[in-house]
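J.: Everything below, folded, please.
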Amino acid sequence: MQTNEQQVALVSGGNTGVGFQIAKALADAGYVVYVGSRNLAKGEAAVAEIGGAAKAVQLDITDNASMQQVLRRIEADYGYLTLLVNNAAVSHAGTPGRSMEEVLGAQRASIAPLDQMRTVWDTNVFGTLALTQAALPLLRKAVAARIVTVSSALGSLSLNANPQNPYRSAFDAVYGASKTALNGVFLSLANELEDSSIKVHLVSPGFTATALNNFQGTDTVEEGSREPIRVALATDLPTGSFTGPAHTAGPGHELPW
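T.: Modelled structure (predicted):
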């Protein structure tokens, strides 16, 4: 849908990794982009590199006051929000500096520390939904709006139930299952909003080398950002989509739930 309305986006976790690449692509496409970062100084450094109409905002999606402050600013500046990109996430809450294999080994369902599981889910599931719920009034005020949530193929129950999937051993109860829960919550939201002017999309970057996996992913951040950027910029995708990179997904980039 084409509109003359200025496109306004908020990207959580936009100061680094895939979030940074999405924010830069949106700014390059003429969006006003609010770049959310838990550390404002890091957000300001990212915005200096992104250029365009990018604005740094301090945003912690587990802190309601932080979220409300950002949304009040957007409301004061523009009165609506065109695009919410839910990118902020954490992979573990245990000892820092561990390899990806060590983290996954400690997050098996039989031994996963429940306090660490709650911490990860508090960001990846509850915090992501909290930001979305808080942003919905501004999204409803746009001519047409979208919610793009960065998920993972690792959260696909269909893929992880398939014995032929060589990566199914990486489906852990803490991070991987948090993405399954995230998919379920946002599919529910897509169904709820399907008759509204707000589209809901889930997208997997693939196995991208970022801080989430101690930079042990097989794809560069630029490669892993291609599909999230495509989805973030697209206005004609059907709501309720779950897609991934072309080399890991089916026709039309669809991933199985």
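J.: Find the least confident helix or strand in the chain, judged by mean pLDDT.
T.: Sorting the helices and strands of the chain by mean pLDDT, DSSP states H and E puts helix 100-106 at the bottom, at a mean of 85.
J.: where does this structure have low pLDDT?
T.: Applying pLDDT under 70 to the chain flags residues 1-4, 207-219, 221, 247-251.
J.: Counting neighbours, what do you get for residue 190?
T.: Each residue near residue 190 was counted by other C-beta atoms under 10 Å, and the total is 21. All C-beta spots, glycine's among them, are computed from the backbone N, C-alpha and C.
J.: just residue 111 next, same as before
T.: Neighbours around residue 111, by other C-beta under 10 Å: 9.
J.: Quick one: residues contacting residue 47.
T.: Contacts for residue 47 were tallied using C-beta atoms under 8 Å, 6 or more residues apart in numbering; they are 35, 54-56.
J.: Give the helix, strand or coil label for it.
T.: helix (DSSP: H, G, I helix; E, B strand; the rest coil).
J.: Okay, strands next: where are they in the stretch 101-250 of the chain?
T.: 145-150, 198-203, 241-243 (DSSP state E, counting those that start in this stretch).
J.: picking that back up, name the member of the contacts of residue 47 with the most neighbours.
T.: residue 35 (29 neighbours).
J.: Mind telling me what element that residue is part of?
T.: Element membership for residue 35, per DSSP states H and E: strand 32-37.
J.: So which elements touch that strand?
T.: Strand 32-37 sits against strand 8-11, helix 17-28, helix 40-50, strand 53-58, helix 64-77, with contacts defined as 3 or more C-beta pairs under 8 Å, 6 or more residues apart in numbering; DSSP states H and E.
J.: who does that strand pair up with?
T.: strand 8-11 (parallel), strand 53-58 (parallel) (DSSP bridges).
J.: winner for burial among those?
T.: Sort those by mean neighbour count, taking mean count of other C-beta atoms under 10 Å, and strand 8-11 sits at the top with a mean of 28.
J.: Other residues contacting that one?
T.: 19, 22-23, 26, 31-36, 57, 59, 70, 74, 77-78, 80-85, 87, 135, 142, 232.
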